[in-house]
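> Provided below for reference: sequence and predicted model.
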Amino acid sequence: MTGLYCDGTEKTRSLRPSCKIKICGLSRPEDIRAANRILPDYIGFVFAESSRRITVSQAVRLKAALDPRIRAVGVFVNAPINLILSLAAEAHGVSAGPVIDLIQLHGDEDASYIRELKSKTRLPVIKAVRVRTFRDIESAQSLPCDYLLYDTWTKDTYGGSGSQFDWSLIPPDTRPFFLAGGITLQTIPRAVSSGACCIDISSAVETEGRKDERKMREAVGTVREQ
């Protein structure tokens, strides 16, 4: 099995479509304005416990100001399915459409949860996998999601640790995946070479806990140069 990339093309070591980039944890209007100038492929709105967490009303306003060429990913941890569905709907006042375009599950959501969610929305679902050993990656291959997201396992947390797992654990025949966990501006080229269809970064493009437009621009430029 060779596997497929995010755009459906066959995965080989000699031919790979362009890797995409997601900047996660946007929470302020100025973050959105910076993203609109830089145009990453995806941005992330965090609806789970985090310093970057936003409310539904904040998300509605931020999405309304977001360039439509950028897709918004909603990040959830063990959230009620009805909450996710409410953000995937098209009835949010000032919003011209759904508040989110993709759903990222970053908690303990199992196959049953994912199947129920997918039976009620057409939005693509990304399931985060906290990687400690190859077995974590292997067992995730059968999950009924659209994409996997490989992140670093950290005790008592669901992500955002800023630490990196051993990327050599990722097999060449894995399902399409986003790569997260401790990616820095310096390690982006190696992250892209992992075969990821999208690089997911947050703290690497921040200064003192706030998104930094210069770093965001550098990250997007570096991914697209690979």
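Received it, and whenever you're ready, just let me know what you need.
> In contact with Val223, which residues are there?
When contacts are counted by CB atoms under 8 Å, 6 or more residues apart in numbering, Val223 is found next to 19-21, 188, 192, 199. (Each C-beta comes from the backbone N, C-alpha and C, glycine too.)
> average pLDDT for whichever helix in the chain runs longest?
Using DSSP state H to assign secondary structure, the helix with the most residues in the chain is helix 213-225. Taken as a whole, helix 213-225 has an average pLDDT of 97.
> Please apply the same query to stretch 19-33.
Mean predicted lDDT for stretch 19-33 stands at 97.
> List of residues touching it?
When contacts are taken as CB under 8 Å, 6+ apart, the neighbours of stretch 19-33 outside the stretch itself are 6, 35, 40-46, 50, 52-54, 58, 61-62, 65-66, 73, 75, 178, 180, 192, 196-202, 205-206, 210-211, 216, 219-220, 223-224, 226.
> returning to what we had before: could I get the buried residue list for the longest helix of the chain?
Of the residues in helix 213-225, those buried under the neighbour-count criterion (16 or more other CB atoms under 10 Å) are 213, 215-216, 218-220, 222-223.
> how far is that helix from where the chain is centred?
Between the centre of helix 213-225 and the centre of its chain there are 16 Å (CA atoms, centre = their mean, to the nearest Å).
> Also stretch 72-80?
Here the centre of stretch 72-80 is set off from its chain's centre by 10 Å, with CA atoms, centre = their mean.
> For this protein, just list every one of the helices.
For the chain, the helices defined by DSSP H occupy 29-38, 56-65, 81-88, 111-118, 134-140, 188-192, 213-225.
> Quick check: which of these is nearest to Phe165?
Closest to Phe165 of these is helix 134-140 (CB to CB; 9.1 Å).
> Do you have the strands of this protein handy? List them.
If you assign secondary structure with DSSP state E, the strands in the chain sit at 20-24, 42-46, 71-76, 102-105, 125-131, 147-152, 177-179, 198-201, 206-207, 210-211.
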